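> test case, fold it:
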Amino acid sequence: MFDSGRLRSIVALFLAALVLVTGSLTGLAQDAATPAYITLEDGEQLSGTQELRLGVNRNLVGGAENTWYVHASLQVWEPLLTYDDQFQLQPKLAESWILSPDGLTWTFNLRKDVTFADGKPFNADVALFNIERYEAVSLRPSIFLGGINYPEIYGAPTAITKVDDYTFSISYAEPRPLLPYAIANHYSAIQGTREDFDENYNWIGSPNGTGPFKLVDWQRDQYAVIERNDAYWGPVKPTLTKIEVKIYPDANARVSALKGGEVDALAELAAVLPAQAQELKESSDFWVGDYVSACNNYLGFNGTEGPFTDIRLRQAVSMSIDRNAFVNDVLYGYGRPATSVLIGADSTFINTDPAQQVVYNPEQALSLANEALGGERQSVTLLFNPPGEALHGWPYPTIAAYLQAILAPLGLDIELKQLETAAVDEARNTGEYDMVLGANCWATGDPDYILSRLLDSESTINATQFGGYKNPEVDSLLDQARVEIDPARQAELYRQIQAIANAEVPLAPLFDQENIIAGTYNVKGLNERIAYAPTLETVYLVERN
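Numbering: from 1, shown residues only. Prediction:
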């Protein structure tokens with residue numbers, strides 16, 4: 001006869017023996033359920049408390065009236081589509097998407113196993129409501145991306161139709177082949193059901209997402225607290241149970257917080273500057289990681305008045321910059337030398353032909369500058385932000401001084417003017433500058449979104465901020481590429497646009513930023529995605545040695 005009491009006694013003795021060997025049943029239970037992304041090294045064991053303190057440089061919570069209650073970095077909500085680190089489209093809440101042969105209708109097939117944090121199901125009705133909401137809040141100011149310009153992202157659909165419970169379509173009067181690129185990440189974020197919003201499309205209560213974490217507390221300019229969503233549908237279940245996100249807008253204060261033990265890691269956009277990374281790497285107490293970023297930096301010109309209306313002088317400036325040396329000398333190697341006006345990580349559309357990329361040719365630069373200036377010296381101003389200011393957080397004074405030195409042989413006497421961000425913007429809007437250090441952090445890999453902003457004659461940078469670049473051929477090519485449904489032909493059109501811009505230098509691309517993060521050695525599995533979102537779902541803590 002089966003003796004259940006004897007079996008319980010044997011099990012109890014076995015477990016007691018394990019406690020003597022391991023010192024903890026907690027560690028055994030965690031090891032037994034260790035996710036595939038965890039790799040414990042010899043002598044390591046998971047910490048009994050999986051709570052992370054993370055330092056960032058900005059608010060990641062906007063609140064109930066914001067277009068997005070929380071930023072993507074907190075992983076409370078998820079989009080229909082997302083990107084990998086080469087800006088290749090990846091499925092998320094949409095499993096697949098297909099364009100009709102005439103290029104007029106996109107059909108999206110949704111996952112069937114997704115629920116929100118409160119248990120409500122995700123389906124086509126929910127997806128259509130979120131798109132409806134984006135149209136309703138179009139151009140509403142937001143601390144993230146400035147909000148959404150619905151006509152720019154979604155265009156002018158002729159119909160948005162529910163096909164069945166897990167399928168919907170969006171139709172247009174003319175082809176819109178880049179729609180998936182345009183809406184990936186933020187612009188297809190599924191942030192809740194209709195019941196989660198009031199009549200003005202503001203949240204009722206806390207955000208209700210489908211992501212691996214949920215927001216439980218926040219204080220603007222101070223902190224946000226997220227906790228694991230134990231009902232998360234996804235294949236990767238977080239190990240962390242709680243994350244306290246502390247805000248340190250000042251770059252030095254962030255590093256001091258890490259050194260002082262206030263936080264366990266620094267991540268997200270512009271978390272660590274290059275010089276700080278070098279300092280932290282010299283310490284045995286911290287690790288440093290760097291990852292491809294969606295941000296790039298450039299040298300902009302006043303193309304409506306002054307010496308840089310001459311294409312030869314713009315070309316000379318660009319050709320004088322050894323971008324490899326620049327990244328190594330000024331940025332300690334943290335960055336990727338720019339090759340085009342398009343960010344290099346945009347693997348589908350970047351122009352990789354060396355003959356059509358930006359070039360370093362100091363001899364030709366001197367010849368062009370001499371032609372443009374007639375052998376005379378020219379005084380010009382270069383505007384830039386203070387170090388670490390704004391979201392981009394890079395050492396602009398050092399960059400500006402470097403450019404001042406290497407451009408002097410061209411005959412340019414450069415006056416450096418450091419201004420607060422608002423003052424730089426004002427100067428650009430009034431044309432009171434010759435050159436300016438600029439940066440963009442792109443929320444998308446959509447080449448039309450990026451290149452139209454930089455090169456279209458009616459774009460803000462050219463029509464409002466005195467960039468002044470006008471090339472009818474480029475405008476025409478942008479119009480063609482926007483509706484081209486043959487992917488190969490479309491990519492070639494965007495490469496052709498880049499080739500023209502790289503040659504005519506409406507702006508001189510400098511470098512593509514890298515996300516630099518750092519942490520203590522008990523923080524494992526923390527990386528950063530191209531759009532600066534930390535991989536919080538794969539982070540785990542080990543016991544300190």
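> ok, then the element right after the strand ranked longest in the chain?
As assigned by DSSP state E, the longest strand anywhere in the chain is strand 286-301. Once strand 286-301 ends, the next helix or strand along the chain (criterion: DSSP states H and E) is helix 311-319.
> and stretch 260-276, end to end?
15 Å (CA to CA, to the nearest Å).
> in stretch 126-135, what counts as buried?
Buried positions in stretch 126-135, judged by neighbour count with 16 or more other CB atoms under 10 Å: 126-131, 133-134. C-beta: built from backbone N, CA, C; applies to glycine.
> taking those one by one, which sit in strands?
Going by DSSP E, the strands hold none of the buried residues of stretch 126-135.
> just put those residues in JSON lines and tack on pLDDT and distance to residue 80.
JSON lines is the format used below for these (pLDDT from 0 to 100; distance: CB to CB, whole Å):
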{"residue": "126", "pLDDT": "98", "distance to residue 80": "11"}
{"residue": "127", "pLDDT": "98", "distance to residue 80": "7"}
{"residue": "128", "pLDDT": "98", "distance to residue 80": "11"}
{"residue": "129", "pLDDT": "98", "distance to residue 80": "13"}
{"residue": "130", "pLDDT": "98", "distance to residue 80": "9"}
{"residue": "131", "pLDDT": "98", "distance to residue 80": "9"}
{"residue": "133", "pLDDT": "98", "distance to residue 80": "14"}
{"residue": "134", "pLDDT": "98", "distance to residue 80": "12"}
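> closest to residue 205 among those residues?
Using CB to CB, residue 133 is the member of the buried residues of stretch 126-135 that lies nearest residue 205, at 16.0 Å.
> circling back: what's the spacing between the longest strand of the chain and its chain's center?
When C-alpha coordinates are averaged (CA atoms, centre = their mean, to the nearest Å), strand 286-301 and its chain have centres 10 Å apart.
> ok, now stretch 268-275?
13 Å.
> before we move on, back to that, would you mind getting the angle between the longest strand of the chain and helix 311-319?
Per axes from the mean of the first three to the mean of the last three CA atoms, to 10 degrees, the angle that strand 286-301 makes with helix 311-319 is 170 degrees.
> partner strands of strand 286-301, with direction?
Sheet pairing here is set by DSSP bridges, and for strand 286-301 it gives strand 435-441 (antiparallel), strand 507-520 (antiparallel).
> now the strands for the stretch 351-500 of the chain?
For the stretch 351-500 of the chain, the strands defined by DSSP state E, counting those that start in this stretch cover 378-384, 412-418, 435-441.
> next one: the stretch 51-200 of the chain
51-56, 78-79, 81-83, 89-91, 94-99, 105-110, 159-164, 167-171, 189-190.
> can I get those in a markdown table with distance to residue 317?
Supplementary listing: the strands of the stretch 51-200 of the chain in a markdown table, determined by distance: least, CB to CB, whole Å:
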| stretch | distance to residue 317 |
| --- | --- |
| strand 51-56 | 35 |
| strand 78-79 | 39 |
| strand 81-83 | 32 |
| strand 89-91 | 36 |
| strand 94-99 | 41 |
| strand 105-110 | 42 |
| strand 159-164 | 47 |
| strand 167-171 | 43 |
| strand 189-190 | 40 |
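> ok, which of the ones you listed comes nearest residue 238?
Across these, closest to residue 238 is strand 51-56 (CB to CB), at 10.2 Å.
> kindly state the beta-bridge partners for residue 299.
For residue 299, the beta-bridge partners are residue 437, residue 508 (DSSP bridges).
> tally of neighbours for it?
Residue 299: 23 surrounding residues under other CB atoms under 10 Å.
> OK, contacts around it?
The neighbourhood of residue 299, defined by CB atoms under 8 Å, 6 or more residues apart in numbering, consists of 317-318, 321, 403, 435-438, 507-508, 510.
> thinking again about what came up before, could you export the strands of the stretch 51-200 of the chain as a markdown table, including mean neighbour count, distance to residue 357 and mean pLDDT?
What follows is these, written out as a markdown table (neighbours: other CB atoms under 10 Å; distance: least, CB to CB, whole Å; pLDDT from 0 to 100):
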| stretch | mean neighbour count | distance to residue 357 | mean pLDDT |
| --- | --- | --- | --- |
| strand 51-56 | 24 | 34 | 98 |
| strand 78-79 | 24 | 32 | 98 |
| strand 81-83 | 22 | 23 | 96 |
| strand 89-91 | 14 | 25 | 97 |
| strand 94-99 | 16 | 30 | 98 |
| strand 105-110 | 20 | 33 | 98 |
| strand 159-164 | 12 | 40 | 98 |
| strand 167-171 | 19 | 36 | 98 |
| strand 189-190 | 24 | 34 | 98 |
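> contacting residues for residue 511?
Contact partners of residue 511, counting by CB under 8 Å, 6+ apart, are 296-297, 323, 326-327, 331, 335-338.
> how about the strands of the stretch 351-500 of the chain in a markdown table, adding mean pLDDT?
Below are these laid out as a markdown table (pLDDT from 0 to 100):
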| stretch | mean pLDDT |
| --- | --- |
| strand 378-384 | 97 |
| strand 412-418 | 97 |
| strand 435-441 | 94 |
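> export those as a markdown table, with columns for distance to residue 275 and mean neighbour count.
Compiled in a markdown table, the strands of the stretch 351-500 of the chain are given as follows (distance: least, CB to CB, whole Å; neighbours: other CB atoms under 10 Å):
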| stretch | distance to residue 275 | mean neighbour count |
| --- | --- | --- |
| strand 378-384 | 16 | 19 |
| strand 412-418 | 17 | 16 |
| strand 435-441 | 17 | 21 |
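> quick one: closest of those to residue 197.
With CB to CB as the measure, strand 435-441 is the member of the strands of the stretch 351-500 of the chain nearest residue 197 (27.8 Å).
> so that closest one versus strand 412-418, what angle?
Going by the same axes, to 10 degrees, strand 435-441 makes 50 degrees with strand 412-418.
> got a list of contacts for strand 435-441?
With CB under 8 Å, 6+ apart as the test, strand 435-441 has contacts from 269, 293-302, 308, 317, 380-385, 390-392, 394, 396, 399-400, 414, 424, 427-428, 450, 453, 507, 513, 532.
> one more time with 7 Å, if that's ok
With CB atoms under 7 Å, 6 or more residues apart in numbering as the test, strand 435-441 has contacts from 269, 294-301, 380, 382-384, 391-392, 396, 399-400, 424, 428.
> check stretch 352-372 too.
By CB under 7 Å, 6+ apart, the list of residues contacting stretch 352-372 reads 310, 312-313, 315-316, 318-323, 338-340, 351, 409-411, 498-499, 502, 509.
> low-confidence ranges, the stretch 1-150 of the chain, go.
1-34 (pLDDT under 70).
> quick check: residue 517 touching residue 270?
No. Residue 517 lies out of contact with residue 270 (CB atoms under 7 Å); the separation is 10.4 Å.
> next, count neighbours for residue 498.
By the criterion of other CB under 10 Å, residue 498 has 26 neighbours.
> now do the one 10 residues further on
For residue 508, the number of neighbouring residues by other CB under 10 Å comes to 23.
> was I right to think it contacts residue 298?
Yes. Between residue 508 and residue 298 there is a contact at 6.2 Å, judged by CB under 7 Å.
> quick one: stretch 160-167 to chain centroid distance?
The answer for stretch 160-167 is 30 Å, by CA atoms, centre = their mean.
> remind me which residues of the stretch 201-350 of the chain are low pLDDT?
Using pLDDT under 70, nothing in the stretch 201-350 of the chain is flagged.
> now the strands for it?
213-219, 223-228, 242-247, 265-266, 286-301, 336-337.
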